[in-house]
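S.K.: Fold the following.
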Amino acid sequence: MTYLFDVPCAVDVSVSVTTSPSNGDVLVAQHIWDYLLDDPSEPQRALLSISRLQPSQNLDGDDVVSRSTVTSWCRADRSVSGIVVPHTWLNTYPRTFHSGDIGAPSNEKTHRVILLNPSPLTQTVLLALSQDAYDIACAHSDKFEEWLSKTQRFLSQGLVLHAPADALLGVANGAGPSDARFLTFQVVETQPMAHGFLRLGETRILLFASPEDEFTDALVGAGEDEWTELDDGLEIDERFLGNSVLLPFPTNELRKSNGDAFHPDIDLKLHTAQEWCTVVDPLVRPFSSLDDEAVYMQTRELSRIGVLNGDWAVVRPVNQTGCRLVKVVALDTLIPQGRVWASPTLLHNITKGIFNPAPAQTAQLGFRPSPFGSRRPAIPVARRITVARVASPATIDRTTEPIFLRALKAYFDHAIRLVKEGDVIALAIDTNDKHALWITEVGPDAGEDMMLPAFPGATGSPNEAVYFSITNIEHDVLPVSGEVLATDTYIGCTVGEFGCWVDASVTRIVQTGVEHSFVPRSAIYLGILPPNFRLNSNKAYQALFSLSSAAISKDASKYQLQFSVILKGTRGVGKATVAISVAHELGLNHLEVNCFDILGENSVHSEAMLQVAFEKASSCSPCMLILKHVDAFGKATQNADPSKSLAIADTLGQCIFEMQRTWASTGFPVLVIATTAASEQVPVQVSSLFKHQISMETPEDKERADILELLLEETAINPDVSVKELATETAAFVSRDLSDLTQRAKTTSVKQLMKRSCSGITDLRGLQLKASDMNSALAKARENHAESIGAPQIPQVSWDDVGGIAEAKADILDTIQLPLEHPELFAAGMKKRSGILLYGPPGTGKTLLAKAVATSCALNFFSVKGPELLNMYIGESEANVRRIFQKAKDARPCVIFFDELDSIAPKRGNHGDSGGVMDRIVSQLLAELDGVSAGESGADVFVIGATNRPDLLDPALLRPGRFDRMLYLGVSTTNEAQLNILHALTRKFKLHPDLNLPNIVEACPFHFTGADFYALCADALLRAMSRKAEEVDTKIVKMNANPSAQSFHPHPITPQYYLAEMAEPSDIAVLVTHEDFKIALDNLVPSVTPEEMAHYSQVQKQFSKNNLDSSDV
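M.R.: Predicted coordinates:
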């Protein structure tokens, strides 16, 4: 339980760099060293994990070894303060070390170091980047291993090593190139962690050579840098060096009567030439404490604005009015070229919440320099501000009031804030904060000091976002200094047009009132939603987003169009997740209501609860109301008169109509979204109230691969893990199953690491998922999945297990493999043959053949016994048939195997059941078979039926497009075919060397089926095991008769003890002899008599003639 309860020793430190050559160790101040180690004098080196206090963005295009946490060896140094890292780390690990961190004051802590318990790698794979490096390392493997492990070198995947050639071979001996100094290798894989150190004798080293076309220069100069400085390509001209006061904003005379907004036409006419317009993307996670007022870009972009790093600039949204001051920060190591980043809240406040309705929320902004440079702008400090709650499910709940008020107080106490009237503040809270709830119980007289956490860890992870709006600001006007050129920008700042500073020690902050507003898209940024919460490629998401964005457009309420959507799909497919994602992208609140919670003891209670849910959604507008499990309303109709209207449906329709009226009056919509996993159980009166229906299908292979990549995006994955293969093996898995699979794999990986680490703190951040972890989690997930819905699986039956049916094997593979390998042949409308009927005597291997086909073609296998479909309730038997085919479509490519088909599809009209259930099952089966052969949803779904009596089947099943391919599986008529069956059945047996299987086959009659041969082999093996057991019992009796010879063993000796402690290999080995087969053959009774075989031969001739006749037609 070390991982769960031990707290690692951590210290927050400042960082500086050194350019002096060293062995790569980090230098640590002596007082930090003494704090981290219990006995600082004992070790000379220690292992530290270094991470940023503020996480970095997960940007594309980063180097492989760039990560947010770096693990390295360190040693104490009395001459440093904080920690000192090599200068090259700024480029090697840009996510962890920024140029802005270097040279910071010693009291500014930018990083955190954690003491780790080092453990050596079990295996590492190296790639020689030159032929010389490979040859020399192989020829001097002992010296190469010694060089790798001499200093306990810390390795990570992707790291390039430069081995000195003279350390591997002496230059004086003339071996190798005379000018060789360094040989280059790359770390490809490390086990069990993504990084670690080598220890001679414990770490297995595997060395491979690169292909000849990928060889790089083996020799590098000893004094060469590991990185080269890139040309920044800065465009510097006279405008960059010019004073920013040359670019004034419009004067007061140009302002119109509509407040402090600038006239857009005059603004563009005067200043378009000096304004740089670009697209700004939202950050996906907090970067620094400046996020509320900073915009991040590359240094090369500063010249386009005319500012320096850290200067203040004026920004405005393109094609909109209003301006704002922002601080421009350059970060070359984190920001991709041509990209500009800002927090979602800042973008919302700049654009006044008006974003283009697109899945990727961006804003096009115009930048200009300000007259303040890097100085603090001349903006007044507010005397008093009024903050209103933005209506949301969290802010209208009285129980969470102390929680979000404490968060608001901490926000303004933490720093001096720059705000404008109309700004929105986004905060993350933990609604399960027991400390704040305790304050509520104590009462408001507890004092302000009790509004702070009572102890570290009193608050948990945030699970809800709350928003506030600045409704009023009271301030004084600053005097204009005579030393400053009074431009309009400067004057506008002094009078508060660009906002005011809020200093909690000076400004009086009043929270009152409730406002309705669209909110920033900051749930991912605040950590409420995971970083991989992106569903842009999902078809249902795109459809719902398109409808929702049109519904909240500017003039949508004028048309009085009712917006209501029902999402249909199996459980766990992500219906609520899609709805929440759409609400987040559109800046809407969302309220989830479980319809089972609405149902009460009577209809009056249920209607009242439904009205309360809609009233709460209306008070949170703009809001998306998500009615989960709307099929629960079907429970209220089970005892109701179908001719009468459903009361709950009438109330639901009235509530939706009232939401339309509220929308028209307030201007803020309430979008009603219902979800159901059983659409057939939704009453017609309820489903007719929803104007749009969106179906969510089970993800296909490509969609599952995309979901797995998102789920594993921030997880270290070993190279032996193939997401594509994992997506193929998770057929029929929905989003929730895939999420559960990845969590199981992570848990398995942690458990395996904890078994190897008996004590100490282990660096779990270097842990990586291996293929064995995924396979273990997949096996458990399949087991649970199969128990819940009967999930089909790919069987493990090879062709080695099947013998004697070579002709049937070829025919069935031609029918199934052709559509899979050449789908373009069926793209022009040609119907594929997806139905195969296997018929013949019992025990001839029909089921085994179907499983072998599914295994060889990598198809999921769904076996259905005929009687399993029957149900005593009217309509349920046909529903079972529909469910079988739907599950197969969800798991495609899939094979449905109907065993004993004649029991569920007999000839119609020949049965006396009063309900006609068998006839309805046949009709439903015919409809599903037609859908499989013609419909797109039935692509890659194949149906194989097996029967002993094809003459009893309904003739409609044997028509083209259904079971139009009939294969007869009879008994083996030659000794060679029988020998193949016997070889397949005994391939895992230990046969006696004197045993001759052809002699056994010659004694077998030709009416033996595959099941008969199986019984023969099983009986022979059982007799061999019995004989071996008798031999062991005889030995035990002799030993017990003479106990003195076995004095050190317990007496009497039991068979269990003998087999576990005393048995020799010959006592356990079971050899099947010729005599075993002979006795088993003498006692075997064939399952099919010769007379029955003659009947099956007639059936074969009859249906073979029918097949020929149908093919001629």
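
S.K.: for the helix or strand harbouring Lys809, which positions count as buried?
M.R.: Using DSSP states H and E, Lys809 falls within helix 806-821. Residues of helix 806-821 classed as buried: 808-809, 812, 815-816, 819 (neighbour count, 16 or more other Cβ atoms under 10 Å). Placement of C-beta: from N, CA and C, glycine included.

S.K.: export these to a markdown table and tack on distance to Glu293 and pLDDT?
M.R.: As requested, those are exported to a markdown table (distance: Cβ to Cβ, whole Å; pLDDT from 0 to 100):
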| residue | distance to Glu293 | pLDDT |
| --- | --- | --- |
| Ala808 | 75 | 73 |
| Lys809 | 72 | 73 |
| Ile812 | 69 | 75 |
| Thr815 | 67 | 73 |
| Ile816 | 63 | 75 |
| Pro819 | 60 | 69 |
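
S.K.: Can you list the low-confidence ranges for the stretch 351-500 of the chain?
M.R.: Within the stretch 351-500 of the chain, the stretches with pLDDT under 70 are 353-362, 433-460, 480-486.

S.K.: residue ranges for the strands of it, please.
M.R.: 363-369, 384-390, 417-419, 424-429, 464-474, 500-502 (DSSP state E, counting those that start in this stretch).

S.K.: Among those strands, which comes closest to Thr662?
M.R.: Taking Cβ to Cβ, strand 384-390 is the member of the strands of the stretch 351-500 of the chain nearest to Thr662, at 17.4 Å.

S.K.: Buried residues of that closest one, list them for me.
M.R.: 385-390.

S.K.: out of these, who's nearest Thr71?
M.R.: Closest to Thr71 out of those is Val390 (42.8 Å), distances taken as Cβ to Cβ.

S.K.: Gly513 is in contact with the closest one, correct?
M.R.: No - in this structure, Val390 is not within contact of Gly513 by Cβ atoms under 8 Å, at 10.3 Å.

S.K.: ok so, going back, as JSON lines, the buried residues of strand 384-390 with distance to Arg417 would be great.
M.R.: As requested, the buried residues of strand 384-390 are arranged in JSON lines below (distance: Cβ to Cβ, whole Å):
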{"residue": "Ile385", "distance to Arg417": "10"}
{"residue": "Thr386", "distance to Arg417": "15"}
{"residue": "Val387", "distance to Arg417": "11"}
{"residue": "Ala388", "distance to Arg417": "16"}
{"residue": "Arg389", "distance to Arg417": "17"}
{"residue": "Val390", "distance to Arg417": "17"}
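
S.K.: Need the max-distance pair from these.
M.R.: Farthest apart among the buried residues of strand 384-390 by Cβ to Cβ are Ile385 and Val390. That separation is 15.3 Å.

S.K.: Specify the local secondary structure of the closest residue to Val1032 other than its chain neighbours.
M.R.: Nearest non-adjacent residue to Val1032, counting by Cβ to Cβ, 6 or more residues apart in numbering: Asp1067, 5.8 Å away. Look at Asp1067: counting by DSSP: H, G, I helix; E, B strand; the rest coil, its state is helix.

S.K.: who's in contact with His475?
M.R.: Contacts for His475 were tallied using Cβ atoms under 8 Å, 6 or more residues apart in numbering; they are 380-383, 496, 500.

S.K.: Let's see that with 7 Å instead.
M.R.: His475 sits next to 380, 382-383, 496, 500 when contact means Cβ atoms under 7 Å, 6 or more residues apart in numbering.
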